[in-house]
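1. sharing a sequence plus its predicted fold:
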2 protein chains.
Amino acid sequence: MRISKRLWLPGETIPGEEALAAEFGAARATVNRALQELARAGLVERKRKSGTRVALHPVREARFVIPLVRAEIEASGMAYAYRRVSRKEDAVPDAVAARLEIATGSRCLHVTCLHSGDGRPYQYEDRWINLETVPTAGAESFETVSPNEWLVSNAPFSQARFSFRATTTDRAEAAILGLAADSAVFVAERVTWLSGRSITFVRMLHPPSHTMVMDM
Amino acid sequence: MRISKRLWLPGETIPGEEALAAEFGAARATVNRALQELARAGLVERKRKSGTRVALHPVREARFVIPLVRAEIEASGMAYAYRRVSRKEDAVPDAVAARLEIATGSRCLHVTCLHSGDGRPYQYEDRWINLETVPTAGAESFETVSPNEWLVSNAPFSQARFSFRATTTDRAEAAILGLAADSAVFVAERVTWLSGRSITFVRMLHPPSHTMVMDM
DNA sequence: CAGGCTATTATGTATAGACATAACGAGTCA
DNA sequence: TGACTCGTTATGTCTATACATAATAGCCTG
C-alpha cells in the first residue's frame, strides 16, 4: 500500500498476493483490492499467472469532468449571463451529419448561443440536436435555458467523444465573441451518444484568454 | 448492474445493499462493489445511512492518458522524427519559476526540441527541468532521446497539472513549426510533481491542424 | 421545548475460504 | 521436431461473516 515507489524497479516483478498478504498480516482479498487500485492508477501491470510487475511507462490517467458552462463561470467568481443567438429547425450539413452519423438532411435543431462571465464573452456554443433521438427538444425555445443545461437534465448519455484544437475565427464568430477577425480561438467539440444513437454535436469557441485546466 | 438507466428517476433513493443482494441472490459485498463502481462512474451518489440515490447531474468523468509523443505519432501511421533545437543550463525566468514554485534564478535545464511525423512538424516542446529534483538530467544531452521519453522512464511523478489553450505564435516558434507568424496554435502545458517537489514544466505547441481527442 | 446523548441503520472495509480463468510450461504423441 | 494437451500457478471474483463508521432519528433530560 505504500511501497513500489521506492525499492521496486520498473519492470520488476513483485511478490504474489499470497506472499504480500502474509507479509502484512492481511487477507489476500485485501491485498488484491490494494493492487487493483495501483493497477487502475497505472503504477503496476497485472497479468494472470505472470504476476504483478511495476509498470515500465506509468501510463497515468487523468480524469476530467464534463463541464457545465454556467458552473464553470460562477466557480471563478464571475456573474453568469446567457443569450440565445439563433434557433432553427434545419437539415444538417454534411460535416455535422458525419459527426452525428446520420443521413445528410435529417431533421435537426440548430441552436447557437453565448455564455458570458461578468459581461465578457466566455463561450460561443454552436449546437445541433438530433430530433430523432431527442424529439422533446423541438418544443424548447432555449431563450432562457441553455441547451447545455437542458440536455444534462433531459438527455443522459452513455458515450461521448471530445476533441480540442486551436483555430482562427471567421468573421461572424469573431463578431459574436467580440474579437478581431482571424483571432486564435480554443475550440472544444463534443458528440454524445445514448446506446448507439447520437444525441447532439456541439462546437464551443473560447477567446484566447481561456485556459482549460486539468489536475491529476 | 444493469438497472438505474431505465426505471429509477434521478434523485430517487434505490433499495439498500441488503435488499438488492436478496433480489439478485448475491452477497452484499458483491452488490457493494457493483454500487461503488457506479458511484465512481458518477451514476449514483452514496452516503452512509442515507442510502444510495441516482445522481441528479450525472457528473461523468473522462479519463485521458498522458501522451507519449512518439507513440502518438507512430499510432497514426506516421514516421517519427526527433530533433533537439537547444539545450542550456540556465536561471529560470519569473513565469517559469512561478509554475514550478521555485525561486527565480534557480538552476534549471532548458531544452527545446521538435517532434515530427512524416517530416511535418507535429509538436514543438519547450521544457524546463528542475535540476534540484532531477539532478541526473544534467548529464543528459537529449540529442537523440527526447526529454519526454527520458523523463517518463527516469522521473516518476505523483501529481500533474495540465492546461490547454489557443494562442498565436511568436516569430521564432512559427519558424520552427513551419508556420506563418501569428498562426493559431494549440498549446498544452504540463507541470509535474513528485511528493511536493516540482519536476518539470513543459509547453507544447501544435500546428492548427492538430486535434486532441478523448473518449468516454 | 431545546440541547445533547444514544440507538438504529446503511455503507465502508476487513477476513477467510472457495471456485473460475488465463497463461505459461512441461510432458506426450504423431 | 512440432503441435497438442494437461497441470500448475497467480490473478479475478464471488460468498459469508464480522466489525467499523457516519449520519440520522428519536428519546431523554433540564
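-> That came through fine.

2. so where is chain A shaky, pLDDT-wise?
-> Under the criterion pLDDT under 70, the flagged ranges of chain A are A:1-7, A:10-11, A:56-66.

3. how near is the residue in it that DNA strand C sits nearest to to A:Lys47?
-> Closest contact between chain A and DNA strand C, by C-beta to the nearest atom of the strand, is at A:Thr30 (3.0 Å). No exception for glycine: its C-beta is placed from N, CA and C like everyone else's. Taking C-beta to C-beta, to the nearest Å as the measure, A:Thr30 falls 21 Å from A:Lys47.

4. flag every residue of chain A that's near DNA strand D.
-> With C-beta under 7 Å from any atom of the strand as the criterion, chain A meets DNA strand D at residues A:16-18, A:28-29, A:32, A:35-36, A:39, A:46-52.

5. buried set for stretch A:97-109?
-> Buried positions in stretch A:97-109, judged by neighbour count with 16 or more other C-beta atoms under 10 Å in any protein chain shown: A:97, A:99-100, A:102, A:106, A:108-109.

6. which one of those sits closest to chain B?
-> Set against chain B, the nearest of the buried residues of stretch A:97-109 by C-beta to the nearest C-beta is A:Arg99 (12.3 Å).

7. restrict whichever strand or helix holds the closest one to CA atoms and write it as CSV.
-> Following DSSP states H and E, one finds A:Arg99 within helix A:94-100. Output of helix A:94-100 as CSV, limited to C-alpha atoms (Å, rounded to 0.1, in the frame of the first residue of the first chain):
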residue,chain,number,x,y,z
ASP,A,94,-22.6,17.2,-44.4
ALA,A,95,-19.9,17.9,-41.8
VAL,A,96,-22.4,17.7,-38.9
ALA,A,97,-24.2,14.7,-40.4
ALA,A,98,-20.9,12.8,-40.5
ARG,A,99,-20.2,13.6,-36.8
LEU,A,100,-23.7,12.5,-35.7
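
8. for the next helix or strand after that helix, packing partners?
-> Next helix or strand after helix A:94-100 toward the C-terminus (DSSP H and E): strand A:107-117. Counting by 3 or more C-beta pairs under 8 Å, 6 or more residues apart in numbering or on different chains; DSSP states H and E, the packing neighbours recorded for strand A:107-117 are helix A:69-75, strand A:80-91, strand A:120-130, helix A:147-154.

9. pick the most deeply packed of these.
-> Of all these, strand A:120-130 carries the top mean neighbour count, a mean of 23, counting by mean count of other C-beta atoms under 10 Å in any protein chain shown.

10. looks to me like the residue of chain A closest to DNA strand C is in a helix.
-> Yes: secondary structure of A:Thr30 (DSSP: H, G, I helix; E, B strand; the rest coil): part of a helix.

11. burial measure for it, as a count.
-> 14 (other C-beta atoms under 10 Å in any protein chain shown).

12. so which strand or helix has the residue nearest to it when sequence neighbours are not counted?
-> Spatially, and ignoring its direct neighbours in sequence, A:Thr30 is nearest to A:Ala21 (7.3 Å; C-beta to C-beta, 6 or more residues apart in numbering or on different chains). If you go by DSSP H and E, A:Ala21 is part of helix A:17-24.

13. follow-up on the earlier one: out of the residues of chain A next to DNA strand D, what pair is the most spread apart?
-> A:Ala29 and A:Ser50 (20.4 Å; C-beta to C-beta).

14. look up how far B:Ser153 lies from the residue lying closest to A:Ala55 once chain neighbours are set aside.
-> Nearest residue to A:Ala55 in three dimensions, chain neighbours excluded: A:Glu45, at 5.1 Å (C-beta to C-beta, 6+ apart). With distances taken as C-beta to C-beta, A:Glu45 is found 15 Å from B:Ser153.

15. just A:Ala166 next, same as before
-> Relative to B:Ser153, and taking C-beta to C-beta, A:Ala166 is found at 30 Å.

16. and if you look at A:Ala103?
-> According to C-beta to C-beta, A:Ala103 and B:Ser153 sit 49 Å apart.

17. ditto for A:Leu35
-> Distance, A:Leu35 to B:Ser153, using C-beta to C-beta: 23 Å.

18. could you do A:Arg28 as well?
-> From A:Arg28 to B:Ser153 the distance is 32 Å (C-beta to C-beta).

19. wait, A:Asn32 sits on A:Leu20?
-> No: if you go by C-beta atoms under 8 Å, A:Asn32 and A:Leu20 don't touch, sitting 9.5 Å apart.

20. those two: which has the busier surroundings?
-> The neighbour comparison of A:Asn32 against A:Leu20 (other C-beta under 10 Å) goes to A:Leu20, with 20 against 15.

21. the more buried one - nearest residue in space that isn't next to it in sequence?
-> A:Val31 (4.8 Å).

22. now do A:Val92
-> Leaving out its chain neighbours, A:Val92 is closest to A:Cys108 (C-beta to C-beta, 6+ apart), at 4.7 Å.

23. same check on A:Ala97?
-> Spatial nearest neighbour of A:Ala97, excluding adjacent residues (C-beta to C-beta, 6+ apart): A:Thr104 at 4.4 Å.

24. with A:Pro121 instead?
-> Distances taken as C-beta to C-beta, 6+ apart place A:Leu177 nearest to A:Pro121, at 4.6 Å, with adjacent residues excluded.

25. what number of residues lie near A:Gly178?
-> Neighbour count for A:Gly178, taken as other C-beta under 10 Å: 13.

26. so the nearest residue to it once chain neighbours are set aside versus B:Glu89, what's the distance?
-> For A:Gly178, ignoring the flanking residues on the chain, the nearest one in space by C-beta to C-beta, 6+ apart is A:Pro121 at 5.3 Å. Remark: distance between A:Pro121 and B:Glu89 (C-beta to C-beta) = 43 Å.
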